[in-house]
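# quick one, structure for this:
(one chain, ligands or ions: 2)
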Amino acid sequence: MRQHKLALCKDHFLEWIPEQTERFIKKYEMFTHEQKILVAVSGGKDSLSLWDILVRLGYQVDGLYLALGINEGINYSHESQRLSQKFADENNLKLHVVDIEKEYGKNIPQLSVISHRGEGRPCAVCGLAKRHEMNRIARDLGYDVLATGHNLDDEAAVLFGNTLNWLSEYILRQSPVLPSSNGLARKVKPLCRFYEREMTAYAILRGIEYIYEECPFADGSQSIFYKEALNQLETARPGAKLIFYLNFLEAKKSGNLFIEKNVEMQHLHPCPRCGQSTSTPDLCSFCRMIEKANATSTLL
Ligand code: Q46
Ligand code: ZN
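Ligands and ions are numbered 1, 2, ... in the order given. Predicted coordinates:
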């Protein structure tokens, strides 16, 4: 790990990762051993590793898998669900499975076509549905915290994209911990300081079977483009990604972000249907999308 000027053998690496995770959980006051945690799993290396680490650290943690119905080409959803379930079964853990099509009558690619969002790519609809369903399940099943497997590469790419486009409101909002607010669960990212390759190494060394392929719709996305740009920087300057992200968190904490504090934060109100906070007038974007999908089905 050139960024830390550190080289570890397998045994020490497998101890170092949970120790560091525990340190981040405490540093950012993410959650305690008394709280109930729901980890969102996708069958990928990050989320399954996060689940594994939290269990090893003795936290009370169950999994949530969202079946998106993305089965073009590589059978992405079937395979990622199979691997998530396999991990849960082998470790005697509880996995909640929510199938979007069973809940709402349409899967993600179908909702994307009906709602005309995202210019042929279902990611906008997918992101909206994932956020909504994670909040709904965490709230309805009484979990205190929702944990996701975002790693440093993910967080640095988001920050890079938001900075390039100078999206002040998003920059101000980016954090390893998002507190709960009207109808929205507390969200934490315990892996946000680990490089993607560290998580890959962890998953492989722990013998976790995960889905190697990305979702077929990830190909050519902005976030992959930003990750590649940051990887070039990292190759030339080991630690560049970590410094970029950690210095951002530090600057934000000490109020030195050079972004006017009065960036207009949108006014939020609870959606009259699902109760989750929204800035759109009347129903939230998710409930509006489902209403439109139902109206379209009635017409067909
Ligand atoms: S799962 Fe969904 Fe991602 Fe696939 S459709 Fe796009 S947003 S790429 S993280
Ligand atoms: Zn709603």
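
# make it CA atoms for all contacts and neighbour counts henceforth
Noted.

# and the longest strand for the chain?
Ranked by residue count and defined by DSSP state E, the top strand of the chain is strand 60-67.

# residue contacts, the closest residue to ligand 2 within the stretch 1-150 of the chain?
With Cα to the ion, the shortest gap between the stretch 1-150 of the chain and ligand 2 falls at His132, namely 8.1 Å. Counting by Cα atoms under 8 Å, 6 or more residues apart in numbering, His132 touches Gln276, Phe286.

# how far does the helix or strand Lys102 falls within sit from the chain's center?
Taking DSSP states H and E as the criterion, Lys102 maps to helix 100-104. Using Cα atoms, centre = their mean, to the nearest Å, the mean C-alpha position of helix 100-104 is found 21 Å from that of the whole chain.

# also stretch 243-250?
Centroid separation for stretch 243-250 versus its chain: 19 Å, with Cα atoms, centre = their mean.

# got it, and stretch 23-39?
Counting by Cα atoms, centre = their mean, stretch 23-39 comes out at 16 Å from the chain centroid.

# next up, phi/psi of Lys94, please.
Torsion angles at Lys94 (phi, psi; degrees, to the nearest 10) stand at phi -90, psi 130.

# hang on, it packs against Phe87?
No: applying Cα atoms under 8 Å, one finds Lys94 not in contact with Phe87, separated by 10.1 Å.

# which elements pack onto the following helix or strand past the helix holding Lys102?
Counting by DSSP H and E, the next helix or strand C-terminal to helix 100-104 is helix 108-115. When contacts are defined as 3 or more Cα pairs under 8 Å, 6 or more residues apart in numbering; DSSP states H and E, helix 108-115 sits against helix 123-140, helix 285-299.

# and the first one with helix 108-115, angle?
Using axes from the mean of the first three to the mean of the last three Cα atoms, to 10 degrees, the direction of helix 123-140 lies 110 degrees away from that of helix 108-115.

# which of the residues in helix 123-140 are buried?
For helix 123-140, the neighbour count (16 or more other Cα atoms under 10 Å) marks 123, 125-126, 129-130, 132-139 as buried.

# swap in the shortest one?
Buried residues in helix 285-299, counting neighbours by 16+ other Cα under 10 Å, are found at Ser285, Phe286, Cys287, Met289, Ile290, Ala293.

# quick check, it touching ligand 2?
Yes: on the criterion Cα under 5 Å from the ion, helix 285-299 is in touch with ligand 2 at Cys287.

# counting by contacts, list what that helix packs against.
Counting by 3+ Cα pairs under 8 Å, 6+ apart, helix 285-299 packs on helix 108-115, helix 123-140.

# need the residues of the stretch 101-250 of the chain near ligand 1, please.
Pro122, Cys123, Cys126, Gly127, Cys215, Phe217, Ala218 (Cα under 6 Å from any ligand atom).

# pull the contacting residues for the fourth one.
Right, Gly127. So Gly127 contacts nothing (Cα under 8 Å, 6+ apart).

# in contact with the most centrally placed residue in the chain, which residues?
Among the residues of the chain, Thr148 comes closest to the average C-alpha position under Cα atoms, centre = their mean, at 4.5 Å. Neighbouring residues of Thr148 by Cα under 8 Å, 6+ apart: Val39, Ala40, Val41, Ser47, Leu50, Lys187, Val188, Lys189, Pro190.

# which members of these occur in helices, if any?
Ser47, Leu50 (DSSP state H).

# quick one: the strands in the stretch 151-300 of the chain?
With strands called from DSSP state E, counting those that start in this stretch, the stretch 151-300 of the chain shows them at 177-178, 186-188, 269-270, 277-278.

# contacts for the third one, please.
Think strand 269-270. Counting by Cα under 8 Å, 6+ apart, Asn182, Gly183, Gln276, Ser277, Thr278, Ser279 sit against strand 269-270.

# the last one too?
Taking Cα under 8 Å, 6+ apart as the criterion, the residues outside strand 277-278 that touch it are Ser181, Asn182, Gly183, Leu184, Leu268, His269, Pro270, Cys271, Cys284, Ser285.
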